[in-house]
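Q: I would like to see how this sequence folds:
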Amino acid sequence: MSLNLQTYTEHFTNPLYLESGRILEPYDIVYETYGSLNEDKTNVIVICHALTGSHHAAGTYKDESKAGWWNGLTGPGKVIDTDKYFVICSNVIGSCFGSTGPMSTQHPHHEPYRYKFPVVSIKDMVKAQRILFDRLDIHRVEAIIGGSMGGMQALQFAIHYPNFAKKIIALATTHATQPWAIAFNKVAQEAILKDPDFQHGYYDPDLIKEQGLAGMAIGRMAGHISFLSPESMRQKFGREYKRTDGLYELFGKFQVESYLEYNGYNFTKWFDPLSYLYITKAINIYDLSRGFDSLSQALSKITADLHLISFQNDLLFKDFEMQEIANTMKQLRKTNHFYFNVESSYGHDAFLVELDKFDFYIKEVLNG
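A: This next block holds a predicted model:
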C-alpha cells in the first residue's frame with residue numbers, strides 16, 4: 001500500500017521532428033511514476049497534464065506540503081489505483097518543469113533558447129511522450145487520462161497512435177480550440193509581452209522568480225475568470241468585502257479581487273513567462289482535424305474505447321464542444337464511444353476540484 005513515487009529524467013539525442021517542420025535536438029523529458037509495473041507490462045495508465053500542470057500528479061515531495069495536482073484521484077486504493085496500476089505522468093516539452101522548453105540551454109551554446117525555441121503543438125508533445133514510452137519498452141497501455149490540455153493530448157493519442165491505448169478518457173476539453181478560449185489566451189499573452197520587465201523575452205529568470213511579473217499576473221487573472229463560473233464565484237465569494245478595507249477606499253477590495261490578485265501574482269513566481277506563451281500557442285493552434293479532410297475523418301481513426309466527460313458550466317471548453325465529438329462518432333456508427341456530461345456549476349476547473357462528481361465513472365471505466 002504505497003504510492004511508490006519516482007521521478008526520472010530521460011535524455012534523447014535523436015532529433016524530434018516537429019509538426020512545423022522544425023527539429024528539436026537534443027531534448028529531455030521529466031516524468032513521474034507511481035505503483036509498480038507488472039511482468040507483462042499490461043497495467044500501465046498514462047496521465048496527461050493541463051497548461052500549468054506538470055509531471056507531479058500525485059503524492060508529496062519531502063520539502064512540500066501541497067500534493068500533486070490529481071492526488072485526490074491517484075494513489076493506493078484510489079480511483080487510479082497505484083496498488084493495481086503503474087501510472088506515468090510526463091512533463092510536456094515546452095513546459096518549465098524540467099522537460100526541454102524555451103528557457104532550456106540550446107545545444108551546443110550555453111544560452112537558453114528563448115525565442116529560438118520552435119513552436120510546438122499538442123501533437124508534438126504526444127509524439128515526444130510516445131518516444132519516451134518506446135524507450136521504456138511500453139508499447140500498449142490500459143488507459144490515457146487527461147483534462148483540459150491533458151484531454152487534448154489524450155485525444156491526439158487516440159487518433160495518431162490508435163493501437164497504443166485500450167481506453168481514452170478525456171475531460172473538460174475540445175476537438176479544436178474555439179475563439180472564446182483563444183481570446184482569454186490573447187489577454188494573457190499581450191499582458192506578458194507588454195510588461196517592460198519581460199524585456200522582450202530577455203528577462204532574468206531568477207529575478208522573475210523573486211519579484212514576479214505583473215503583466216503575467218494580470219493575464220493569469222483573466223485565465224482564472226475563465227476557469228470558474230458566475231455561479232461558483234457567487235458561491236465562493238458572494239459580495240464579501242475585505243474586512244480590513246473601507247468600502248469607500250478607492251483601492252478597497254472585494255474578496256474576489258483579493259483571490260485574483262493572490263493567485264495571479266503568486267503564479268508568476270513559479271511558472272515561466274516564455275513557457276506560458278509557447279504552451280498557450282500550442283493550445284490555440286490545437287485542432288484534431290488538422291492533416292485530415294474533416295473532424296469525421298480524424299475521429300474515424302480511433303479504435304480505443306473513447307470516454308468523453310464534459311462539465312455543464314465549463315465556460316472555457318463548453319459541453320457542446322465535447323458533444324460535437326460524440327455526435328461525430330455516432331455519425332460514423334462507431335460504438336466505442338461514451339459521453340458523460342457532469343452536472344456541475346463550478347466551471348472549467350471542476351475536473352481538478354469536484355472529483356466526487358465523476359470519479360465513480362472513471363472507476364467503472366477502468367474496472368471494465
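Q: drop to CA atoms for contacts and neighbour counts, all remaining ones
A: Fine.
Q: quick one: the helices in the stretch 51-200 of the chain?
A: 122-135, 149-160, 179-193 (DSSP state H, counting those that start in this stretch).
Q: which stretch among the ones you listed comes nearest Met329?
A: Ranking these by distance to Met329, with CA to CA as the measure, places helix 149-160 first at 12.6 Å.
Q: contacts for the closest one, please.
A: Residues from elsewhere that reach helix 149-160 (CA atoms under 8 Å, 6 or more residues apart in numbering): 47-51, 122-123, 125-126, 144-146, 164-165, 168-175, 283, 286, 288, 298-299, 301-304.
Q: of those residues, select the buried ones using a PyMOL command.
A: In PyMOL, a selection of the buried entries from the contacts of helix 149-160 looks like this (16 or more other CA atoms under 10 Å):
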select buried, resi 47+48+49+50+51+122+123+125+126+144+145+146+164+165+168+169+170+171+172+173+174+175+283+286+288+298+299+302+303+304
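Q: next up, the contacts around Lys41.
A: By CA under 8 Å, 6+ apart, the contact list for Lys41 reads Ile138.
Q: how about Ile122?
A: Ile122 neighbours (CA under 8 Å, 6+ apart): 152-153, 156, 282-283, 286.
Q: from Leu24, how far out is it?
A: 15 Å (CA to CA, to the nearest Å).
Q: ditto for Met103
A: 14 Å.
Q: rewinding a little: which one, of the helices of the stretch 51-200 of the chain, ends up nearest to His56?
A: It's helix 149-160; of the helices of the stretch 51-200 of the chain, that one is closest to His56 (CA to CA) at 13.3 Å.
Q: and the strands in the stretch 51-200 of the chain?
A: 74-75, 80-81, 86-90, 141-147, 165-171 (DSSP state E, counting those that start in this stretch).
Q: ditto for the stretch 251-368 of the chain
A: With DSSP E, counting those that start in this stretch, the ranges of strands along the stretch 251-368 of the chain come out as 305-311, 337-342.
Q: okay, the ones you listed, which one's buried deepest?
A: Neighbour counts (mean count of other CA atoms under 10 Å) averaged over each of the strands of the stretch 251-368 of the chain peak at strand 305-311, with a mean of 25.
Q: each with direction, which strands does that one pair with?
A: strand 165-171 (parallel), strand 337-342 (parallel) (DSSP bridges).
Q: now distance to Leu3 and mean pLDDT too, for those, in JSON lines please.
A: Below are these laid out as JSON lines (distance: least, CA to CA, whole Å; pLDDT from 0 to 100):
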{"stretch": "strand 165-171", "distance to Leu3": "22", "mean pLDDT": "98"}
{"stretch": "strand 337-342", "distance to Leu3": "29", "mean pLDDT": "97"}
